[in-house]
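> Generate coordinates for the sequence data below:
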Amino acid sequence: MISFVTIFPSFMNFHFFKDPGQIPFRFHKKGIASKIVCSPNEISYDQTSKYIPVHLIRKKKRLNLGYILYLSQNAKMIGVLNVFHLQWSSLLFASVYKLFNPDGFVYLKMDNCHYSGNYSWEKLFSREEFTPAPDISEPKGIKTMLKNAIIPKLTKFVDLWSIEDTASCEYYEKKYTFLNKKIITVLNGHTIDIDHHAPVYQFSDKKNIKTQPGIFT
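Residues are numbered from 1 along each chain as shown. Reported below is the predicted structural model:
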């Protein structure tokens with residue numbers, strides 16, 4: 001039985017009901033040994049562990065080091081490695097995995113929509129005029145420049161990419177050669193078949209609230 005491993009360093013319990021949790025969980029339900037690998041971002045992963053195993057990577061000064069060590073020791077036992085977002089860490093994990101398991105399979109789920117404007121990674125693959133997407137700034141620093149120079153070379157380690165809508169899938173496949181015949185549409189799903197109840201919080205318990213004079217008075 002092949003194993004399906006999702007590496008998502010920032011995973012928290014609420015992510016189980018989103019793509020980082022649901023993709024490995026759905027494979028797990030079909031009888032494929034699956035697990036989520038992440039950093040200890042919560043005191044407990046008891047909610048997620050009810051549905052799928054969680055393997056924690058100790059936080060280190062150099063965060064990626066723990067994941068590199070994990071992959072070097074376990075790559076040959078992983079049939080499919082699932083990572084998220086076209087970014088340095090995901091492609092680094094893919095390349096390390098393929099180094100130790102050349103016959104393995106890497107699936108990278110993108111989180112983009114071409115209707116949202118150009119994303120920072122697109123500048124690395126295109127000489128066309130670049131317009132940053134919202135909340136994405138121009139890369140700075142020598143370290144970032146080196147990473148950006150390497151990223152395009154690491155895309156070859158990804159066997160399958162996916163995007164959430166058909167229009168974006170067709171657009172990206174035509175525009176970027178590294179995605180040609182390697183990208184599919186994976187629609188966002190739902191968790192209606194899972195019996196869970198989100199806690200109801202009082203207004204005073206909610207986070208990120210900035211009260212202004214005259215509001216709620």
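
> can you tell me how far Tyr115 sits from Tyr172?
With distances taken as C-beta to C-beta, to the nearest Å, Tyr115 is found 12 Å from Tyr172. Heads up, the C-betas are built off the backbone N, CA and C, glycines and all.

> Quickly list what's touching both of those two.
With contacts defined as C-beta atoms under 8 Å, 6 or more residues apart in numbering, no residue is shared by Tyr115 and Tyr172.

> Give me the neighbour count for Pro102.
By other C-beta atoms under 10 Å, the residues close to Pro102 number 10.

> For it, pull up the helix or strand it's in.
Under DSSP states H and E, no helix or strand contains Pro102.

> show me the contacts for the nearest residue to Lys60 once chain neighbours are set aside.
For Lys60, ignoring the flanking residues on the chain, the nearest one in space by C-beta to C-beta, 6 or more residues apart in numbering is Gly66 at 5.1 Å. Neighbouring residues of Gly66 by C-beta under 8 Å, 6+ apart: 39, 57-60.

> And the pLDDT at Gly66?
Confidence at Gly66, expressed as pLDDT, is 93.

> Please list the outside residues in contact with the helix-or-strand element of the chain with minimal mean pLDDT.
Within the chain, confidence by mean pLDDT, DSSP states H and E is lowest for helix 142-154 among all helices and strands, at a mean of 87. Contact with helix 142-154 is made by 86-88, 91-92, 94-95, 121, 124-125, 139, 178, as judged by C-beta under 8 Å, 6+ apart.

> right, and Phe25 touches Ser34 too?
Yes - using C-beta atoms under 8 Å, Phe25 is in contact with Ser34, at 7.2 Å.

> Centroid-nearest residue for the protein?
Central residue of the chain (C-alpha atoms, centre = their mean): Phe84, 1.9 Å from the mean position.

> roughly how far apart are that one and Pro102?
22 Å.

> just Val186 next, same as before
Val186 sits 25 Å away from Pro102 when distances are taken as C-beta to C-beta.

> Repeat that for Ile163.
Distance from Ile163 to Pro102, counting by C-beta to C-beta: 26 Å.

> Next: Leu71.
13 Å.

> And for Gln202?
54 Å.

> what's the answer for Leu187, then?
From Leu187 over to Pro102 (counting by C-beta to C-beta), the distance is 31 Å.

> so where's the chain shaky on pLDDT?
Residues of the chain that meet the criterion pLDDT under 70 lie in 1, 61, 63, 127-140, 196-200, 208-217.

> could you pull out the strands for it?
3-7, 33-38, 54-56, 80-84, 105-109, 160-163, 183-185 (DSSP state E).

> In contact with Ile57, which residues?
Ile57 neighbours (C-beta under 8 Å, 6+ apart): 9, 37-39, 66-67, 70.

> again, only using 7 Å
By C-beta atoms under 7 Å, 6 or more residues apart in numbering, the contact set of Ile57 is 37-39, 66-67, 70.

> do the same with Phe11
Residues in contact with Phe11 (C-beta under 7 Å, 6+ apart) are 20, 36, 38, 41.
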